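1. next one to model:
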Amino acid sequence: MPSVSLRRSTRPSATAALKNITNHVNDEVSVDYTLHPHLLVDRYVAKDFDGVVFEGKVEYFKAPWFHVIYDDGDEEDYNANEILDMIID
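-> The predicted structure is shown next:
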């Protein structure tokens, strides 16, 4: 009978990988966006400009900037800390 060599996978299990990128707070899952910034693309944001709140959408991520296009056509780039404070959905 031929011998079979079983090699253990060096890849983390799906459960271990999930634990590495999420933590549970009050029964909600919080994703570490520093590891996966692309997950913020297509999210909606709101920002107060001199007392007027404008809404927009994260159109793309090009490290280290998130590009937002506002409903009025204005465009701005933000870093991760700024964009996380603006997410509304």
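
2. what about stretch 41-60, start to end distance?
-> 5 Å (Cα to Cα, to the nearest Å).

3. outside of that stretch, which residues touch it?
-> Residues outside stretch 41-60 that contact it (Cβ atoms under 8 Å, 6 or more residues apart in numbering) are 40, 61, 66-72, 74, 76, 83, 86-89. The way it works is simple: take the backbone N, C-alpha and C, and place the C-beta from them, glycine included.

4. buried residues in it?
-> Under the neighbour-count criterion of 16 or more other Cβ atoms under 10 Å, stretch 41-60 has R43, V45, K47, G56, V58 buried.

5. just those residues: which are in strands?
-> Among the buried residues of stretch 41-60, DSSP state E puts V45, K47, G56, V58 in strands.

6. please name the bridge partners of the first one.
-> As for beta bridges, V45 partners with G56, I87 under DSSP bridges.

7. what's the spacing between it and H38?
-> When distance is defined by Cβ to Cβ, to the nearest Å, V45 is 16 Å away from H38.
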